[in-house]
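Asker: next come a sequence and a model predicted from it.
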Amino acid sequence: VSIDNTSCTDCTLIKVDSMNKPGILLEVVQILADLDLIITKAYVSSDGGWFMDAVFHATDQQGNKITDRKTIDYIEKVLGPNGHLTDRIKMWPGKRVGIHSIGDYTAIELTGKDRPGLLSEISAVLAGL
């Protein structure tokens with residue numbers, strides 16, 4: 001992972017190179033979102049399933065570059081080669097459901113194999129609650 005505050009005039013570039021495992025992109029985005037960062041643009045590429053390269057254009061809540069040293073250090077630590085993101089991927093169980101509280105809202109996160117009609121079935125279950 002690298003944090004670049006010089007290449008772009010209006011945002012911080014967060015570059016992540018990783019093994020391409022199920023859920024990796026979601027994990028990265030969740031970590032950035034948990035820090036209340038605004039992702040204004042992202043470029044993600046993968047080379048046939050082995051590696052994922054992503055560049056996130058991010059700002060703080062006020063629309064400024066990320067300059068807080070603690071935040072930068074945390075991003076580098078968590079998304080770096082020895083971060084807990086790597087541990088989560090190693091323990092990937094194949095299917096996962098998570099429920100998170102985001103302010104006044106509840107976010108339900110599902111990770112699994114996609115198939116036709118899946119979103120419709122999930123919506124029907126949620127509508128019946």
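Answerer: Noted; the coordinates are in hand.

Asker: what about the residue most central in space within the chain, distance to Gly128?
Answerer: Central residue of the chain (C-alpha atoms, centre = their mean): Val29, 1.5 Å from the mean position. Val29 sits 29 Å away from Gly128, taking C-beta to C-beta, to the nearest Å as the criterion. Just so you know, the C-beta spots here come from the backbone N, C-alpha and C atoms, and that holds for glycine as well.

Asker: then Asp114?
Answerer: Taken as C-beta to C-beta, the span from Asp114 to Gly128 is 22 Å.

Asker: check Asp17 too.
Answerer: Taking C-beta to C-beta, one finds Asp17 at 42 Å from Gly128.

Asker: pull the contacting residues for Asn5.
Answerer: 12-13, 65-67 (C-beta atoms under 8 Å, 6 or more residues apart in numbering).

Asker: any idea where the helices of the chain begin and end?
Answerer: Per DSSP state H, the chain carries helices over the ranges 24-34, 69-79, 84-90, 118-127.

Asker: for the ones you listed, which one ends up most surrounded?
Answerer: helix 24-34 (a mean of 18; mean count of other C-beta atoms under 10 Å).

Asker: for it, packing partners?
Answerer: strand 12-19, strand 38-46, strand 51-59, helix 69-79, helix 84-90 (3 or more C-beta pairs under 8 Å, 6 or more residues apart in numbering; DSSP states H and E).
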